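*Asks:* Predicted model and sequence below, questions to follow.
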Amino acid sequence: QVVLVESGGGLVQAGGSLRLSCVVSGGSFIYGMGWFRRAPGKDRELVARILWNSRNTGYADSVKGRFTISRDNTKNTVNLQMNSLKPDDTGVYYCALRRNPGEYEYWGQGTQVTVSS
């Protein structure tokens with residue numbers, strides 16, 4: 001069974017940084033992983049994604065230049081380094097895994113990020 005566990009959320013002042021981590025267990029082949037967030041009153045959005053083998057990455061326009069996604073295949077971990085945080089970055093952040101170019105199939109439980117102004 002594939003299990004994703006996020007960590008690293010918390011409360012930070014605007015301009016600060018946080019690093020989120022997501023550990024994957026269960027032995028699944030990984031095509032790609034993504035970090036999503038759900039802000040209060042908004043739909044869930046993809047903020048960053050990475051292809052496992054090529055390390056090709058993509059970002060939402062709202063986080064480009066501030067967030068960096070990376071992966072460590074020796075630890076089956078994907079990280080999201082978030083710098084220059086803004087109050088609009090507040091939300092629950094989820095990591096997700098997909099085994100092919102289609103939908104993300106597996107999700108973590110989420111970790112809360114709160115950025116105060």
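*Replies:* Great, that's in hand. Keep in mind it's a predicted model, so treat the numbers as computed, not measured. Residues are numbered from 1 along each chain as shown.
*Asks:* Which strand residues bridge residue 18?
*Replies:* Counting by DSSP bridges, residue 18 forms beta bridges with residue 82.
*Asks:* my read: it touches residue 12, true?
*Replies:* Yes. At 5.6 Å, residue 18 and residue 12 qualify as touching, with contact defined as CB atoms under 8 Å. Placement of C-beta: from N, CA and C, glycine included.
*Asks:* Can you work out which residues contact both of these two?
*Replies:* 85, 113 (CB atoms under 8 Å, 6 or more residues apart in numbering).
*Asks:* The two: which has the busier surroundings?
*Replies:* More crowded of residue 18 and residue 12, by other CB atoms under 10 Å: residue 18, with 20 against 17.
*Asks:* got a list of what that one touches?
*Replies:* 8-10, 12, 82, 85, 113.
*Asks:* what comes up buried for stretch 51-61?
*Replies:* 51-52, 59 (16 or more other CB atoms under 10 Å).
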